[in-house]
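>>> Output the structure for:
(2 chains)
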2 protein chains.
Amino acid sequence: MTRYQHLANLLAERIQQGLYRSGERLPSVRALSQEHGVSISTIQQAYQILENLQLITPQPRSGYFVSQRKAQPPVPAMTRPVQRPVDVTQWDEVMMLLDARADKEMISFGGGSPDINQPSLKPLWREMSRIAQHNPAEMLSYDVLDGRLELREQIARLMLDGGSTVAANEIVITNGCHGALSIALLSVCKPGDIVAVESPSFHGTMQMLRGFDIKAIEIPTDSETGISIEALELALEQWPIKAVILVPNCNNPLGFIMPEARKKQVLALAQRHDIVIVEDDIYGELAAEYPRPRTIHSMDIDGRVILCSSFTKTVAPGLRVGWIVPGRYYDRVMHMKYAAGGFNVPGTQMAVAAFIRDGHYHRHVRRMRQIYQQNMETYTCWVRQYFPAEICVTRPQGSFLLWIELPEKVDMVCVSKQLCRLKIQAAAGSLFSASGKYRNCLRINVALPPTEKNREALKKMGEAIVIAMEEG
Amino acid sequence: MTRYQHLANLLAERIQQGLYRSGERLPSVRALSQEHGVSISTIQQAYQILENLQLITPQPRSGYFVSQRKAQPPVPAMTRPVQRPVDVTQWDEVMMLLDARADKEMISFGGGSPDINQPSLKPLWREMSRIAQHNPAEMLSYDVLDGRLELREQIARLMLDGGSTVAANEIVITNGCHGALSIALLSVCKPGDIVAVESPSFHGTMQMLRGFDIKAIEIPTDSETGISIEALELALEQWPIKAVILVPNCNNPLGFIMPEARKKQVLALAQRHDIVIVEDDIYGELAAEYPRPRTIHSMDIDGRVILCSSFTKTVAPGLRVGWIVPGRYYDRVMHMKYAAGGFNVPGTQMAVAAFIRDGHYHRHVRRMRQIYQQNMETYTCWVRQYFPAEICVTRPQGSFLLWIELPEKVDMVCVSKQLCRLKIQAAAGSLFSASGKYRNCLRINVALPPTEKNREALKKMGEAIVIAMEEG
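Just a heads-up that it's a prediction; the model follows:
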């Protein structure tokens, strides 16, 4: 991080903490320069950032003042989804979201892609090129079914940070976390079964349920602490639920990290009712807190937690390198990997293993965590500025997804279609509900660099929403 | 091909056609050299090849003579599998076969890997390296769900050779042919369904059936013309069969190409009984005949044939690039691709598209066809020489798989275990039967270069079989 960025962060924090109040004059450039022992231009650059964020306003000849701001919007309340198992709908809407990937013009606030244009990824593509040149035979051969050993060894090491102690031979490489989740579901469920999910929850997992003819029951979920234990328990007493799928760390789409006590509660509940927990940890390494939060898997004592993860969000989606730690379901998972997933590309596995081994992974993830946190602040400011006042916004504890709840009458499905024509993609909240709830919500990907173009796009989104509200 | 290889092939053909008979003296080196206008040493090299193949025997001071040979072994008779739907077994055996991939010392006659060490593949890895260096953003991004357009366009062109006219948007890229077959089955079957298969048939597809809880009914199959239409019809009348899986071109493991009339018959039967045909064309491009044989898909008029294929056998397994042409099941296949297969690696798709576009693919496949045919001849000779006399051997019409039927009392499952200790891997025939039939058969991969080391290994295999026979 450059010096002026560091300084801008520091000042932004002070403003957010209320140390400088709304309308208050900030220290002069000269005074700050002396206080921090940096050049005048460094201070000017830091103030420029804060001005872009609309946190401060310059007044000619008087200096900088803390902007008059709307109060911080509240977080969304506990959700109240339908309390019975349903067939997942919304496939056509998910397809529309996916189709937009082919359109390079589209500004995709709706997608889940990380920022892959950072220089800290360079060692990865150098490694890929090196492998193609020096190790083509390995790259072109069939993989082994559980994936390359050197990669599984690196993953076992990474997993220690989340509190899990596993051996390389307890890990199975998959085609991304998507492949891991798919294999997990095929391994423990059959058509007609019921699976509990957070509400809202990742549309990809729900479309798998639909594909495999499994019903979903959506459980009320709090935007700061996660799935409601009480509601889950009630559902478990009422329905023959087979498994619960959770994204407890940097939840998609709500951004919460489930408190450790609650993780323990959900695990105890799963033991009592003898159900499987499918834990999706794909965003866990991008948590703002350090050390990273523990997985539920790390607390598991009887192998009932199937951990699924990948390098899709931390490194790059195009690698298609994920993994599954199947616990007591290892044999079944291996068979389903063979039946449904198939073998993986050896080349990308080799590259990412080297990327971790040589220390590039940790450097890159550290950097991305900071970038995403800065982006999150910037986008939150912009949303507050351009969106209607009557909104709730999540306060994500990591990763790069923001969830916004608009007034009931706004239909984001309609607004999305309008925005599509302007080459702006938004993910309507209804994608994240089995029954199409949350039409008045949307998810925004803040991994998109906060450039002027993206700010403009977000502004247009806000305008479209304001119009929809007035018409609604 | 070098001049002496060409000459060796020519002479081998003449011997096989009976133009030179057993025990007959061959033309002198000098005479042949004059006849073909090539050097003495070229003729000597050609004779050396034939001698290595045991087709000719040198006699001091008299020249070369056509070897005294056993009669060509007969082909296996029509198979007679169990005539009712069964649950597929043999998973542990398939796992053993797969595990052996991790052992680099193993000579794997049992695997299905093509030869990936040919110089004609160099442009492919150069392309991969180029992409990593110059197009990392594309390589690292999410793919679109149906796969990269430039590749689908190339595949549409290739498919014309098999008689199929399809547009790029009727093709969906998959994780190898394995992924295509898996998605096809998940799209048209549900647990408890019955699917008809050739007998013997590819163990991978059968293990998918087991994974998805689908029963297999094995249909008698002729080693030269394919599945018995009569037996299939009988089965269709008797059981509620959902689909039939066929490998009609260069069948795995029998090597036949189904005659065109029979392809039409099987299609008519599928129409009459309203079942799906899943056509696995993975070896179709490696047919010895030119132009390559037609697919059943090319004769389909109502979209009931789901074609599955890949570049695994023609180019390299490590690419994990396959495709599915789902016909009337397109929408369902797209959903199942999302649910079970997931997205593919963009990098390998980009590389193989360029490999085809620049003409390297056709050159490479032409070359590999020749190499595999030569290997097939060599290995057939060796088998005749080292294996017991009482065997039946297939006469594959392309690709690189040889199927050998040994006397009933030989148990190849036992023999395989013994050979494993000698670092020689054989695929026992029972892997290719749902109910574990064909224990007295084996499949041999002749893509392994016919080196002295491999000849020795095959010889040891023959010896182990002879011992097993004597003990049996």
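>>> in chain A, which strand has the most residues?
What stands out as the longest strand in chain A, according to DSSP state E, is strand A:215-222.
>>> Quick check: what element follows it along the chain?
Once strand A:215-222 ends, the next helix or strand along the chain (criterion: DSSP states H and E) is strand A:226-227.
>>> For whichever helix or strand comes after that following strand, buried residues please.
Moving toward the C-terminus from strand A:226-227, the first helix or strand encountered (DSSP H and E) is helix A:229-238. Buried residues in helix A:229-238, counting neighbours by 16 or more other C-beta atoms under 10 Å in any protein chain shown, are found at A:I229, A:A231, A:L232, A:E233, A:A235, A:L236. Backbone N, C-alpha and C define where each C-beta goes, glycine included.
>>> Specify the angle between helix A:229-238 and strand A:215-222 in degrees.
Orientation of helix A:229-238 against strand A:215-222 (axes from the mean of the first three to the mean of the last three C-alpha atoms, to 10 degrees) gives an angle of 160 degrees.
>>> gap between helix A:229-238 and the chain center?
Chain-centre distance of helix A:229-238: 26 Å, with C-alpha atoms, centre = their mean, to the nearest Å.
>>> Report all helices and strands that it contacts.
Contacts defined by 3 or more C-beta pairs under 8 Å, 6 or more residues apart in numbering or on different chains; DSSP states H and E place helix A:229-238 against strand A:194-199, strand A:215-222, helix A:260-272.
>>> ok, now which residue in chain A is the farthest from the centroid?
Each residue of chain A has a distance to the centre, and by C-alpha atoms, centre = their mean the biggest one is for A:R61: 43.6 Å.
>>> State the pLDDT value of the residue lying closest to A:Q68 once chain neighbours are set aside.
Nearest residue to A:Q68 in three dimensions, chain neighbours excluded: A:S22, at 5.6 Å (C-beta to C-beta, 6 or more residues apart in numbering or on different chains). At A:S22, the model reports a pLDDT of 79.
>>> what does the one 3 residues further on give?
Per-residue confidence (pLDDT) for A:R25: 88.
>>> List the contacts of it.
Shown in contact with A:R25 (C-beta atoms under 8 Å, 6 or more residues apart in numbering or on different chains): A:S62, A:G63, A:Y64, A:F65.
>>> And for the one residue in the stretch 101-250 of chain A that gets nearest to chain B, the neighbour number?
Chain B sits closest to A:G211 of the stretch 101-250 of chain A, with a gap of 2.7 Å, by C-beta to the nearest C-beta. Look at A:G211: counted by other C-beta atoms under 10 Å in any protein chain shown, it has 22 neighbours.
>>> Now do the helices in the stretch 101-250 of chain A.
According to DSSP state H, counting those that start in this stretch, the stretch 101-250 of chain A carries its helices in the segments A:122-134, A:136-140, A:149-160, A:176-188, A:203-211, A:229-238.
>>> Among the ones you listed, show me which one is buried the most.
For those, the largest average neighbour count (mean count of other C-beta atoms under 10 Å in any protein chain shown) is found in helix A:176-188, namely a mean of 28.
>>> tell me the mean pLDDT over that helix?
Averaging pLDDT along helix A:176-188 yields 98.
>>> At the contact with chain B, which residues of the stretch 101-250 of chain A appear?
The stretch 101-250 of chain A comes close to chain B at residues A:101-102, A:111, A:113, A:116-117, A:121, A:124-126, A:128-129, A:132-133, A:136-145, A:149, A:175-176, A:178-179, A:182, A:186, A:190-191, A:204, A:207-208, A:210-213, as judged by C-beta under 8 Å from any C-beta of the partner chain.
>>> same thing but at 7 Å, please
Residues of the stretch 101-250 of chain A lying close to chain B (C-beta under 7 Å from any C-beta of the partner chain) are A:101-102, A:113, A:116-117, A:125, A:128-129, A:132-133, A:136-137, A:139-142, A:144-145, A:175-176, A:178-179, A:182, A:190-191, A:207-208, A:211-212.
>>> low pLDDT regions in chain A?
For chain A, residues meeting the criterion pLDDT under 70 lie at A:1, A:69-71, A:472.
>>> hmm, the longest helix anywhere in it in reach of chain B?
Criterion DSSP state H: the longest helix present in chain A is helix A:360-386. No: if you take C-beta under 7 Å from any C-beta as the test, helix A:360-386 misses chain B, and the best it gets is 12.1 Å.
>>> Next, the angle helix A:149-160 makes with that helix.
50 degrees.
>>> elements contacting the helix or strand following helix A:360-386?
Following helix A:360-386 in sequence order, the next helix or strand is strand A:392-393 (DSSP H and E). In terms of contacts (3 or more C-beta pairs under 7 Å, 6 or more residues apart in numbering or on different chains; DSSP states H and E), strand A:392-393 is packed against strand A:401-405.
>>> try 10 Å
Secondary-structure packing of strand A:392-393 (3 or more C-beta pairs under 10 Å, 6 or more residues apart in numbering or on different chains; DSSP states H and E): helix A:360-386, strand A:401-405.
>>> Pick the most buried one from these.
For the helices and strands packed on strand A:392-393, the largest average neighbour count (mean count of other C-beta under 10 Å) is found in strand A:401-405, namely a mean of 24.
>>> Listing partners with orientation, what would you give for that strand?
In the sheet containing strand A:401-405, its partner strands are strand A:392-393 (antiparallel), strand A:441-445 (antiparallel), by DSSP bridges.
>>> Any idea which residue of the stretch 301-450 of chain A lies closest to chain B?
Counting by C-beta to the nearest C-beta, the stretch 301-450 of chain A gets nearest to chain B through A:A339 (2.7 Å).
>>> So that residue lies in a helix, does it not?
Yes: assessed with DSSP: H, G, I helix; E, B strand; the rest coil, A:A339 lies in a helix.
>>> Could you measure from the residue nearest to it when sequence neighbours are not counted over to B:Y338?
Nearest non-adjacent residue to A:A339, counting by C-beta to C-beta, 6+ apart: B:G211, 2.7 Å away. Per C-beta to C-beta, to the nearest Å, B:G211 is found 19 Å from B:Y338.
>>> now do A:V197
Taking C-beta to C-beta, one finds A:V197 at 17 Å from B:Y338.
>>> do A:Y338 as well
Applying C-beta to C-beta to A:Y338 and B:Y338 gives a distance of 20 Å.
>>> cool, A:S182 as well?
Going from A:S182 to B:Y338 by C-beta to C-beta gives 9 Å.
>>> Close to chain B: what parts of the stretch 251-400 of chain A are there?
A:312, A:315-322, A:331-332, A:334-348, A:351 (C-beta under 10 Å from any C-beta of the partner chain).
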